[in-house]
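Undergrad: Predicted model and sequence follow; I will ask about them next.
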Amino acid sequence: MRRVNGVIFDMDGLIFDTERLSFNAWRDICAEIGYEMDRAFYCTLIGRNLKGFGKLMIEKFGEDFPLESLYEKKIKHQMKAIEKDGIPLKRGIHELLNYLKENGYKVAVATSTSRDRAEYLLKLGGVLEKADYVICGDEVVNSKPDPEIFLKAAEKLGVEPKECMVLEDSGAGIEAAYSAGMLGVNIPDMKEPDENMKSKSYRICESLLDVIDILENV
């Protein structure tokens, strides 16, 4: 039996080049009411669900920070940009997905965003029909770096955690994959891997196209 039988994809920053859209939206919206969202702090939020990054936002900006109203505004800001310009796909996503389906791998998407948003974007990008299962941030209790979302994805795919490879751009995601006992492959987006990410990544790649070679040699 081959070592990897299931491949689990993160979504934002991994399938879609949307983290920059998200950062720009948060930066502009926060600036309107006197808060500064810098790139370094935003990178600590990547990969977390609303509960997870909300906790960090309140810790940084204080209890008076209007998280819920700004989050809704941020989503509208980001979706407006996508509706205008289309969904930006990461290089190699469809080549990799086609390879996985042709070779009998199980495929899941495990994203910290909500199901409504995830399914809309995945359908828009032509990815939804190529995934066997999609699990979202509003369907788990614990945010990445907790491994809950990946373990549930593996269970739904019917694949043992040790037989799963996780593709992630975030430190929180790589740590979650490591804790789940899965092979975490980091494809950096906004955040370059630090020493902790390097130590917990099975491989670090330039693009999703490199994953095909890894699977053929794992």
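TA: Nice, thanks for sending it over.
Undergrad: Helices of this protein, start to end?
TA: With DSSP state H, the ranges of helices along the chain come out as 19-32, 39-45, 50-61, 67-85, 93-102, 115-124, 148-157, 171-179, 195-200, 209-217.
Undergrad: Quick one, which of the ones you listed gets closest to V185.
TA: helix 209-217 (6.2 Å; C-beta to C-beta). Where C-beta positions appear, they are placed from N, C-alpha and C, glycine not excepted.
Undergrad: Give me the contact list for the closest one.
TA: For helix 209-217, the external contacting residues (C-beta atoms under 8 Å, 6 or more residues apart in numbering) are 4, 7, 91-92, 95-96, 99, 103, 105, 165, 167, 185, 187, 202-203, 205.
Undergrad: With stretch 86-104 instead?
TA: Here stretch 86-104 makes contact (C-beta under 8 Å, 6+ apart) with 7, 14-18, 21, 107, 121, 124-127, 130, 187, 207-212, 215.
Undergrad: residue contacts, G171?
TA: I46, G47, P145, K191, P193, D194, N196, M197.
Undergrad: 10 Å instead?
TA: G171 is in contact with 43-44, 46-47, 144-145, 186, 191, 193-194, 196-197, 200-201, counting by C-beta atoms under 10 Å, 6 or more residues apart in numbering.
Undergrad: now swap in F61 and tell me
TA: Going by C-beta under 10 Å, 6+ apart, F61 touches C30, G34, Y35, E36, M37, F41, L67, L70.
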